[in-house]
Each structure stands twice: as C-alpha cells, then as structure tokens.
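1. I'd like to go over a predicted model; first the sequence, then the structure.
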Amino acid sequence: MAKVKLEFDDSTFTLFRARHTLLQSARPRYYHGRDIAKVLRKKQKGRCPLCGESFGRRPVQVDHKRTVKSFASDLSLSLDEAVRRCTARSNFRLVHAKCNQARNRRKRASQ
Ligand SMILES: [Zn+2]
C-alpha cells in the first residue's frame, strides 16, 4: 500500500484537494481477496480497451474509467457516494501502461 502524504496549509487545502487525496488513497487492490488486475484481465479477455491488442507480457495499469479528478470536483456527490462510485469494480479497467501514458499526454496537451 502506497503511503499518502497529507500536508495541508490554509493556502493549498481546498475541498477539491481533500477529496482528491481521499479518493486516490481509497483505490482498492483486491476484490473479495482476488487481485483486481487479474480479475480485470480475465473479464476483458486479455485485451487492452485503448488499443484493442492483447496484453501479452507488456506492463499494465489499472485505470479509472471515470477519473479521480472528475469525482473529486463533482460536488453534487457526497464524499461517501464519490468514494463508492470511484472504487466500484465497474469503474476500473486494465490497460497497457504505455497506452495509458500516451492517452494522458494527449489529454494534458489538449487542456
Ligand atoms: Zn493498449
């Protein structure tokens, strides 16, 4: 389990950041004792939804379909509800690490 560093001061502590930190740290690694990456790999029949190719032996990452950022900034959801939806199994998918990084670079470039 990764350690989350909580460092708040009045100028940077915002509701968004608090929610983001909590949602990020609530990321589950297991479902009913089973490694989530293995569960997703099987469910997706070994294919990456971003490129459609098989995972093979390439590095993979568990990706949020709806992002932590989106849940953190959606204040119409209570924190409980945001955590519940963000960490629901249906909100995760397994992707190639490279496909995920390429997509995130494109996203940042278009912002
Ligand atoms: Zn891929």
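-> Happy to help now that I have it.

2. which residues of this protein fall in strands?
-> For the chain, the strands defined by DSSP state E cover 30-31, 34-35, 60-64, 92-96.

3. what comes into contact with stretch 43-63?
-> 27, 36-37, 40-41, 92-100, 103 (Cβ atoms under 8 Å, 6 or more residues apart in numbering). Where C-beta positions appear, they are placed from N, C-alpha and C, glycine not excepted.

4. strand partners of the helix or strand of the chain with the lowest mean pLDDT, parallel vs antiparallel please.
-> Least confident helix or strand of the chain, by mean pLDDT, DSSP states H and E, is strand 30-31 with a mean of 82. Looking at strand 30-31 with DSSP bridges, its partner strands are strand 34-35 (antiparallel).

5. which outside residues touch the partner strand?
-> Arg29.

6. bridging residues for the residue most central in space within the chain?
-> The residue lying closest to the centre of the chain (Cα atoms, centre = their mean) is His64, at 3.3 Å. Beta-bridge pairing of His64 under DSSP bridges involves Phe92.
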